[in-house]
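> sequence first, then the predicted structure, then my questions.
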Amino acid sequence: MLVTQQPVLRRFWYALMPMSYLDEGPKPFTLLGEKLVLWKQADGSPAALQDRCCHRTAQLSKGFVQDGNIVCGYHGWAYDCSGACVKIPQNPGSAIPPGSKVKPFHCKEQYGYVWVALEDPLRDIPHFPEDGAPGYRRIFQFYQTWKTSPVRVMENSFDNSHFSFVHKANFGILDQPLPAPYEFRDTDYGFEAETTVPIRNPEASFRVTGTTEAITHRHLINRYYLPFCRRFGCSYPASGIEHIIYNCATPIDDENMVLVQWLYRNDSEEACSTQELIDWDAAITLEDRDILEATDPDACIDTRRRVEFHMPSDRPGLMIRKQLMDLLTAHGEVEVFRT
């Protein structure tokens, strides 16, 4: 599926970048092939416009913020969050030409990130119940550009059959390749998948897992949020530690995406430091990145095309593909792919 060619995907919210990045000034971002400028308004809220001045097409992201408006760095034309031109410094006191406007986009802050929807959203931003809940701390783990597709990342997130191989240097058990089966539950946002998985627990992982067992278990309640968000709901029964990850695979274009990752823990900084947790998950995430960037980003979601062959443990990935295909069909679209 070529994500930039599927209009319905423009009708979802995507996490673009940490709000803190906008403290430095306006930033560019490409979402589904659409070039945007993001900036922080006077009230601290984010705004998003097409990154193209209506005067001489200069990128607004090359400009600056003044009085909460984005100012073009070429001739100083200023725009508010609705995209309306509010100032032409060369013509003080004169009426601004009708239609002097830049295309605006839905934009808001949530979970410390800028979120954008290119068209009227079909549903709200996924709910992270742990965010702000008593007993949990939030850690911003990753904000990385990957050369792969959101579909690949989403299905990999639910794929228990790759642990023994991709993660054999980490927690995977090479001589136990049989994946733990999931119990699935349909939801209004996608689906929920529950299982218990045995993992290796080397000494370097003791503070992360909260146990010194050589082989311990993860109880997983994972969630898929259509189209490209997921929850990795991990708890360690031996210690009671919860290690809950949320990912957004934000599509830049048909071959690149941004991986956004939040972590929520129910322990303290003293029990396991932020940097320890970032480093531990980074090793795992980089193993996934290495193999996913070696796959074709044009992942086939219409399985009738028989582009790939499947095994029983691929069920969650096939569920993701079916839900995406059903979404396209419901909006009168067919899968667009490379011929």
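Perfect, thanks for sending it. Numbers count the residues shown, from 1 in each chain.

> which stretches of the chain form helices?
150-157, 163-166, 206-209, 274-292, 315-330 (DSSP state H).

> tell me the most buried of those helices?
Among the helices of the chain, ranked by average contacts under mean count of other CB atoms under 10 Å, first place goes to helix 150-157 (a mean of 23). Backbone N, C-alpha and C define where each C-beta goes, glycine included.

> for residue 208, what are its contacts?
With contact taken as CB atoms under 8 Å, 6 or more residues apart in numbering, residue 208 is in contact with 241, 243, 272, 276, 277, 280.

> dump those into TSV; add distance to residue 104 as well.
Shown next, in TSV, are the contacts of residue 208 (distance: CB to CB, whole Å):
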residue	distance to residue 104
241	43
243	38
272	43
276	42
277	38
280	41
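
> which one of these is nearest to residue 3?
Relative to residue 3, the closest of the contacts of residue 208 is residue 243; by CB to CB it sits at 29.6 Å.

> coming back round to it: what is the nearest of the contacts of residue 208 to residue 305?
Set against residue 305, the nearest of the contacts of residue 208 by CB to CB is residue 243 (37.3 Å).

> what about that closest one, how many neighbours?
22 (other CB atoms under 10 Å).

> next, the closest residue to residue 211 other than its chain neighbours: phi, psi?
Setting aside the residues directly before and after it, residue 211 is nearest to residue 238 in space (CB to CB, 6 or more residues apart in numbering), at 4.0 Å. Per-residue torsions, residue 238: phi -70, psi -20 (degrees, to the nearest 10).

> please renumber so the chain begins at 429
Sounds good: first residue 429 from here, last item residue 666.

> isn't residue 666 right up against residue 637?
Yes: with contacts counted by CB atoms under 8 Å, residue 666 reaches residue 637, the gap being 7.4 Å.

> overlap in contacts, those two.
Among the neighbours of residue 666, those also in contact with residue 637 (CB under 8 Å, 6+ apart) are residue 644.

> can you list the weak-confidence ranges in the stretch 479-628 of the chain?
591-593, 595-597, 599-602 (pLDDT under 70).

> tell me the domain boundaries of the chain?
Domain segmentation of the chain under automatic domain parsing yields 431-545, 565-758.

> state the distance from the spatially most central residue of the chain to residue 570.
In the chain, the centroid-proximal residue (CA atoms, centre = their mean) is residue 676; its distance is 1.6 Å. From residue 676 over to residue 570 the distance is 11 Å, taken as CB to CB, to the nearest Å.

> cool, and residue 626?
Taking CB to CB, one finds residue 626 at 26 Å from residue 570.

> and residue 684, by the same measure?
For residue 684, the distance to residue 570 - CB to CB - is 15 Å.

> of those two, who's got more company?
Between residue 684 and residue 570, residue 570 has the larger neighbour count (other CB under 10 Å), namely 19 against 15.
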